[in-house]
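> this one's sequence-less:
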């Protein structure tokens with residue numbers, strides 16, 4: 001799938017993912033937010049439309065926009081890759097849960113370099129985004145890739161210009177592995193980048209990276225895979241070099257203790273384990289505990305329940321990691337306990 005077609009589908013997604021192309025119907029489930037899970041949400045919605053006739057009106061606008069829209073109650077659910085902390089959830093009357101797990105990967109546009117040809121570690125990647133490493137034949141990159149033919153070519157870092165969960169995961173990881181990055185940039189959905197070119201959404205970063213010689217960017221793996229982009233292998237917390245794939249994302253998430261995470265607040269970057277991908281993250285759904293429209297909330301919960309039960313294979317095809325069954329059960333208990341109308345659970349199906 002080309003970048004253009006992904007962008008078109010994102011625009012279509014703002015109208016009616018999973019339905020006939022055109023104006024969303026009144027029955028469509030409304031949501032907005034993260035671009036990170038857009039490929040899998042789109043696939044789920046298409047299958048769900050065929051099965052039930054119900055569509056999904058999802059605006060792929062970034063996690064920051066999704067949080068703003070759910071807090072403004074203009075959508076039934078928000079989607080974010082940066083989880084809200086328990087206090088923010090409680091103060092806003094919201095509840096959140098993880099929906100799917102995936103990975104953020106660095107991608108490059110360097111002549112002669114194909115997917116997986118180069119490796120990089122966190123400190124070196126942080127130095128690139130701090131402007132401390134500006135050429136592809138820098139000694140620090142050479143040391144990691146002694147057999148590679150690295151050109152005397154300027155590095156053009158590409159970053160997310162919009163508030164996004166992908167930004168949060170990427171900067172959270174770089175802040176963990178680089179004290180200099182932590183002090184100069186920090187971890188957040190929106191940061192002040194010292195160097196580089198901004199682009200909006202995973203689609204925009206992928207497109208800008210493809211168009212710019214010498215570029216390095218960071219995107220959700222499905223976008224890299226669908227567009228045959230040259231991703232970098234990464235050295236993880238165990239010192240092992242790993243490639244981005246579902247098994248590496250699963251390894252990073254294996255030790256996640258969702259049961260003890262208040263409000264399901266967990267960040268999966270730089271996890272231990274020889275097989276773990278270092279920039280792994282969950283994508284979250286956010287809804288009101290006391291929705292204004294219980295019927296709309298029930299329709300959304302039915303979609304999410306269907307996706308948990310029937311969407312695992314579609315998720316794996318795009319190299320996302322479905323949640324373990326025990327976590328799904330925790331989530332469904334949270335729905336019953338937290339999302340209510342007139343004092344009664346909105347969702348009661350088993």
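That came in fine, so what should we check first? Just so we're clear, the structure is a prediction, and the values are computed from it rather than from any experiment.
> What mean pLDDT does stretch 109-121 get?
Mean per-residue pLDDT for stretch 109-121: 97.
> who's in contact with that stretch?
106, 108, 136, 141, 144-145, 148-151, 153, 177, 209-216, 224, 228-235, 241, 243 (C-beta atoms under 8 Å, 6 or more residues apart in numbering). C-beta here means a position set from N, CA and C on the backbone, and glycine is covered the same way.
> which phi and psi does residue 327 have?
Phi and psi for residue 327, reported as degrees, to the nearest 10, are phi -70, psi -40.
> and if you look at residue 108?
The phi/psi pair for residue 108 (degrees, to the nearest 10) reads phi -130, psi 160.
> So what's the residue count around it?
As a burial measure, residue 108 scores 23 neighbours (other C-beta atoms under 10 Å).
> same deal with the one 4 residues further on?
When counting by other C-beta under 10 Å, one arrives at 10 neighbours for residue 112.
> now do residue 226
Using other C-beta under 10 Å, residue 226 has 17 other residues around it.
> hang on, it packs against residue 38?
No. Here residue 226 lies out of contact with residue 38, judged by C-beta atoms under 8 Å, at a distance of 11.2 Å.
> Can you name the next helix or strand after the helix or strand of the chain with the lowest mean pLDDT?
Counting by mean pLDDT, DSSP states H and E, the chain has its least confident helix or strand at helix 3-16, which shows a mean of 39. Note on helix 3-16: by DSSP states H and E, the next helix or strand toward the C-terminus is strand 29-33.
> how about the helices in the stretch 1-150 of the chain?
Remark: helices assigned in the stretch 1-150 of the chain by DSSP state H, counting those that start in this stretch are 3-16, 38-52, 63-71, 86-92, 122-129, 139-144.
> separation between the residue nearest to residue 78 when sequence neighbours are not counted and residue 98?
Excluding the flanking residues, the one nearest residue 78 by C-beta to C-beta, 6 or more residues apart in numbering is residue 70, at 3.0 Å. According to C-beta to C-beta, to the nearest Å, residue 70 stands 16 Å off from residue 98.
> for residue 300, same thing?
Counting by C-beta to C-beta, the gap from residue 300 to residue 98 is 16 Å.
> Go through the chain and flag its longest helix.
Counting by DSSP state H, the longest helix found in the chain is helix 294-310.
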